[in-house]
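Enquirer: What shape does this take:
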Amino acid sequence: MKRVAILISGGGSNMVRLVESMTGEHPARTVIVGSNDPDAGGLAKAAAMGVPTFAVDHRAYKGDRAAFEAALLEPLLAAEPDILCLAGFMRILTPAFVQRFEGRMLNIHPSLLPKYPGLHTHRRAIEAGDAEAGASVHLVTSELDAGPILGQARVPVLAGDTADTLAARVLVQEHRLYPEVLRRFARGDMTPVRLSAA
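Expert: Next up is the predicted model:
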């Protein structure tokens, strides 16, 4: 059974779907959920599902990323995770941190990578006149949003879409995609998952 740690920064809707999916015949279980924000709504949700939680407030480290990551690593490593899932974790991690989890850290990003790494993905897709948008799950490497893609979900961009309406429809597919990718990955299967919105 693979041990999974999840890092979040906000409400944790993808984290909730991951935790909910890891039951029964699933080859993994959640061992801890952490956040860089002690007030992140997802921490209470994880605790309510019986998952141990922790928070390391990045603001206390005033831009000292090495010190912040050292504090983050302490409870993470104590939980002995086999896989680390970033689920809306809004801090860029240093290469040293990424290398520690090389080949076993996943992230979900709200675009069809390699398009639109970074922020404001939905607005950028609409402004570019794209016919479709979506989400990608990828292995984390030291280059931002550039690791090997393990799954993508495609969502049509509709006439009149705003960044918010598109984001809401993409999020529905994120909740399908990330659990399916994790299930495969925990079994050692790197075959990309391909989903489309109905």
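
Enquirer: ok, the residue nearest the centre of the chain - contacts?
Expert: For the chain, the residue nearest the mean C-alpha position is Ala87 (2.6 Å; C-alpha atoms, centre = their mean). Contact analysis of Ala87 by C-beta atoms under 8 Å, 6 or more residues apart in numbering lists Ile6, Leu7, Ile8, Gly12, Asn14, Met15, Leu18, Ile108, Tyr178. Just so you know, the C-beta spots here come from the backbone N, C-alpha and C atoms, and that holds for glycine as well.

Enquirer: And for the first one, the neighbour number?
Expert: Right, Ile6. 30 (other C-beta atoms under 10 Å).

Enquirer: Please renumber the chain so that the first residue is 41 from this point on.
Expert: With the count now opening at 41, the last piece we talked about shows up as Ile46.

Enquirer: Now name the helix or strand holding it.
Expert: Assigned by DSSP states H and E, Ile46 belongs to strand 42-48.

Enquirer: neighbouring contacts of that strand?
Expert: Against strand 42-48 from outside (C-beta under 8 Å, 6+ apart): 54-55, 58-59, 62, 67-76, 80, 82-83, 86, 112, 116, 119-129, 222, 226.

Enquirer: Quick check: closest non-adjacent residue to Ile48.
Expert: Distances taken as C-beta to C-beta, 6 or more residues apart in numbering put Gly82 closest to Ile48, at 4.3 Å, once the chain neighbours are dropped.

Enquirer: Surely the one you found forms part of a helix?
Expert: Yes. Using DSSP: H, G, I helix; E, B strand; the rest coil, the secondary structure at Gly82 is a helix.
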